[in-house]
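Visitor: generate coordinates for the sequence data below:
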Amino acid sequence: MQQTPTVSPGPHNSRVPAAFRYPAYRAYWFGMLSSVAGFQMFRVGQGWLVYELTASPLFLGYALAANAVPGIILNLFGGVFADKLDKRILIMTTQGFTGLLIAVLGVLTLMGWVEVWHILVIAFLTGGVEAFDTPARQALYPHLIDRRAMSSAVALNSSIWQGTRIVAPAVAGFIIDLVNTGASFLVAAVGFAVMTGVMASLRIPPIPQGATGNPARALWDGLTFIQRNGIFSFLIAMTFFNSFFGNAYILLMPVFAVDVLEVGARGQGFLLGVGGVGSLVTTIWLGARGGLRRRDLFIIGGAVVFGLAVVAFGVTAHFLRSYPLALALMALLGCSNSVYMISIQSSLQMLVPDRVRGRVMGFYGMTWSIMPLGGLQAGALAGIAFIGAPFAVAIGGVAVVAFALGPFLLSDKIRHVVRQLRPPSEEQQRQ
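Guide: So this is what the prediction gives:
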């Protein structure tokens, strides 16, 4: 497990988030900001272009699936290669190739040559590349900081996704409206080029290789490690329930906006925006704290609050149809989701040994790739007449609460696992 930073911190300043005191991490963070903003713009432009060409919601689903399926299949192998190869070179390669693919789509669009199959193929390829990029990034940045700054780094990384989710789609929409969709793709590609340049400029001491020999054997060793260490199995399972059941409300939001709350597209934008602001404020607060003293409480308590908020959102939307109440619950959803997911990821990063970090984070990343399938199961439930979208979402919230509390209350083994997340007592620290 990492004990000391491979890159020294800069001058201490209590007003600066702990992770930002490390120059290498600061450079990495700004590169990630550029790359993720490009990714968000690409997704907006992709959806817009598909609908422009086909006028078919079904093809929007095809594009989403084309991007998600490679991640579900390849994330584990991405984790193996993150442990086997030079992480900096791997990230440079994946970021550069993704930027190139998006630039090709931009040129095809600008020239008027683009067809829907081009979009689906590029969505599939970018999803496959992302499956190798994400574990490498997750395995690299802990080497840019001290372990004590891990919670700060995880929160700052999360703030990128939350912040760009609010801003980048608006920028993409402005470019599409002012110029065209092809121009938005080219701007998105620049974001990946910036990250490639940042990684090329970083000077990181060599990181020992964590996996050797046959990739299939290395993959099996990683899965065996997770299975034998209950703390990792539990945290990854928590993430799965959050992604598959808890976040299904995001994919069903058009149903709430149009048929349940009757607020239209603009109202949907405000609902998602308020949730994003709640998440962003929480991640900034956690990033500034620099560490979490009771991660066990944040994980179990945060999951319960999030699940109950999802239930309340679905049930009150059905019975009360109150838009202001829905906005308030969306803010609570964003805050509570960030609290426990940041706590989970920082716990994983602090506890996992460097030799299997890529494989563990690859498995963790796969639980996020599976979110579109969670939307499908919620959509199937919503299609049943006596259930509908509000109760389909509420059922997902119940599943999150049940998994957070059930094993914890009923299993001594799980309680022991969760106790591992507590900070050492003063007596233990003296020893």
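Visitor: what about the spatially closest residue to Ser243 that is not a sequence neighbour, neighbour count?
Guide: Closest residue to Ser243 apart from its sequence neighbours, by CB to CB, 6 or more residues apart in numbering: Met371 at 4.6 Å. Backbone N, C-alpha and C define where each C-beta goes, glycine included. Neighbour count for Met371, taken as other CB atoms under 10 Å: 22.
Visitor: wait, doesn't Met371 sit right on Asn242?
Guide: No - counting by CB atoms under 8 Å, Asn242 is not a contact partner of Met371; they are 9.1 Å apart.
Visitor: look up how far Phe132 lies from Ile175.
Guide: In this view, Ile175 and Phe132 are 29 Å apart by CB to CB, to the nearest Å.
Visitor: the more surrounded of those two?
Guide: Using other CB under 10 Å, the more surrounded residue of Ile175 and Phe132 is Phe132, with 26 against 21.
Visitor: per-residue pLDDT, the more buried one?
Guide: Here the pLDDT value assigned to Phe132 is 95.
Visitor: how much space between it and Pro372?
Guide: Distance, Phe132 to Pro372, by CB to CB: 19 Å.
Visitor: off-centre distance for the helix or strand hosting Gln95?
Guide: Taking DSSP states H and E as the definition, one finds Gln95 inside helix 87-110. Relative to its chain's centre, helix 87-110 lies at 20 Å (CA atoms, centre = their mean, to the nearest Å).
Visitor: which of the residues in that helix are buried?
Guide: Within helix 87-110, the residues scored as buried using 16 or more other CB atoms under 10 Å are 87-88, 90-99, 101-106, 108-110.
Visitor: do the same with stretch 408-421
Guide: Here stretch 408-421 shows Phe408, Ile414, Val417, Val418, Leu421 as buried, counting by 16+ other CB under 10 Å.
Visitor: what ranges of the chain fall below the confidence cut-off?
Guide: Applying pLDDT under 70 to the chain flags residues 1-14, 57, 265, 289-293, 422-431.
Visitor: can you name the next helix or strand after the single longest helix found in it?
Guide: In terms of residue count, the longest helix belonging to the chain (DSSP state H) is helix 23-54. Moving toward the C-terminus from helix 23-54, the next helix or strand (DSSP H and E) is helix 57-84.
Visitor: that following helix to helix 23-54, inter-axis angle?
Guide: 150 degrees (axes from the mean of the first three to the mean of the last three CA atoms, to 10 degrees).
Visitor: remind me what helix 57-84 packs against, helices and strands.
Guide: Secondary-structure packing of helix 57-84 (3 or more CB pairs under 8 Å, 6 or more residues apart in numbering; DSSP states H and E): helix 23-54, helix 116-140, helix 215-228, helix 357-369, helix 371-382.
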